[in-house]
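> No sequence on hand, only this structure:
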Ligand code: PEP
Ligand code: MN
């Protein structure tokens, strides 16, 4: 349920309203919008008599929100959420490009790749230190050592770091990381989501392999319910009957998520398609569809990559893709970075 306040609502009347709601066991979330202020109600709102609320001096309108996600709902928060990451901003109409290898493999690999990504125009660096692999016999990542190498690459390039967490037990290792990624396989790891909700870092939440958009928004709600509002959603392809691509990129998820939610939306064309030859076209499609960010895998030598070699771009190919991304972004009135 949301309460839209009158433009001239008096503080005293608002505080009476808040006490009334609190006494009914409802928690409130006041959002100062550009045009009007809104109070979002979380809890069992069936105990509330709408007529009673309408009778309060400060109330303009009361609306029930049917969707189970409240804090992530655009009805609760009409303005876009804007997330600041060092000197970059996600969700303010700019376009962020997060690029880097699937896995951090060595100092030379991550630094060389990071420098090349930056030169081509990437605004953030990605790299997996903890890798969620289908097989326990595949490379599992350099873990803590990988995090240290990412921080070295940040020192070298100034690019903020995006990297995946797989367990809340590792949170201490992420203290200096700029954006914590929750991978597709952990989208419904609710204990992890709750732990991330208690920290103040931006979270990049990837859509589960077989998750609906509502389930994705409910996972964002888990993080937000604990107090962390800095959540960006990421469409990374879903499982369908199609086998020619690794997954199927649900491009319609981008405008739909932006209609339903105020959270920024990122698109990962690398895991969505698994094919180098499709990264450029899917990146351009994502920008046109309104994505706030792209996450693209780039490796200094994809043939020798320890994971996802077949979908990682060479730095030269990434630079080509970036030229077109910049052109399309400009056409759409977007600027890269800030
Ligand atoms: C990744 O980005 O490194 C990754 C493993 O992606 P996803 O969780 O989308 O499969
Ligand atoms: Mn990968």
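Here it is on my side, so go on. Keep in mind the model is a prediction, meaning the values are calculated, not measured. Ligands and ions are numbered 1, 2, ... in the order given.
> Could you verify my assumption that residue 33 touches residue 75?
No - taking contacts as C-beta atoms under 8 Å, residue 33 lies outside contact range of residue 75: 11.5 Å. The way it works is simple: take the backbone N, C-alpha and C, and place the C-beta from them, glycine included.
> So for these two, which residue has more residues nearby?
residue 75 (19 against 12; other C-beta atoms under 10 Å).
> Spit out the contact partners of that one.
With contacts defined as C-beta atoms under 8 Å, 6 or more residues apart in numbering, the neighbours of residue 75 are 2, 63, 65, 67.
> how does it look with 6 Å?
Going by C-beta atoms under 6 Å, 6 or more residues apart in numbering, residue 75 touches 2, 65.
> same question, residue 17
residue 56.
> mind listing the helices for the stretch 151-300 of the chain?
190-197, 213-225, 253-260, 269-273, 276-289 (DSSP state H, counting those that start in this stretch).
> deepest of those helices, which one?
helix 269-273 (a mean of 26; mean count of other C-beta atoms under 10 Å).
> Could you check how far the residue of the stretch 51-200 of the chain found nearest ligand 1 is from residue 128?
Residue nearest to ligand 1 within the stretch 51-200 of the chain (C-beta to the nearest ligand atom): residue 183, separated by 3.0 Å. Noted for residue 183: a distance of 8 Å to residue 128, by C-beta to C-beta, to the nearest Å.
> ok, those two, which is more surrounded?
Per other C-beta under 10 Å, whichever of residue 183 and residue 128 has more neighbours is residue 128, with 29 against 22.
> next one: phi and psi at the more buried one?
phi -90, psi 130 (degrees, to the nearest 10).
> show me the contacts for whichever residue of the stretch 201-338 of the chain sits closest to ligand 2.
When scored by C-beta to the ion, the stretch 201-338 of the chain has residue 308 as its residue closest to ligand 2, at 3.6 Å. Neighbour list for residue 308: residue 102 [criterion: C-beta under 6 Å, 6+ apart].
> what pLDDT does it get?
What the model reports for residue 308 is a pLDDT of 96.
> circling back to that earlier point, quickly list what's touching both of residue 183 and residue 128.
Common neighbours of residue 183 and residue 128 (C-beta under 6 Å, 6+ apart) are residue 164.
> Just send the helices of the stretch 151-300 of the chain back as CSV, with mean pLDDT and distance to residue 335 too.
CSV is the format used below for the helices of the stretch 151-300 of the chain (pLDDT from 0 to 100; distance: least, C-beta to C-beta, whole Å):
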stretch, mean pLDDT, distance to residue 335
helix 190-197, 98, 29
helix 213-225, 98, 26
helix 253-260, 98, 18
helix 269-273, 98, 20
helix 276-289, 98, 12
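> Just put those in CSV and tack on distance to ligand 1.
Listed next are these as CSV, based on distance: least, C-beta to the nearest ligand atom, whole Å:
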stretch, distance to ligand 1
helix 190-197, 13
helix 213-225, 12
helix 253-260, 13
helix 269-273, 4
helix 276-289, 14
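> so which of the ones you listed gets nearest residue 119?
helix 276-289 (17.6 Å; C-beta to C-beta).
> got the residues of this structure near ligand 1?
Residues of the chain lying near ligand 1 by C-beta under 6 Å from any ligand atom: 102, 128, 132, 164, 183-185, 206, 236, 268, 271.
> Skipping adjacent residues, who's closest to residue 119 in space?
residue 319 (7.3 Å; C-beta to C-beta, 6 or more residues apart in numbering).
> which other residues reach the helix or strand of the chain with the lowest mean pLDDT?
Lowest on mean pLDDT, DSSP states H and E among the helices and strands of the chain sits strand 27-32, with a mean of 86. By C-beta under 6 Å, 6+ apart, the residues outside strand 27-32 that reach it are 18, 21, 38-40, 42-43, 77.
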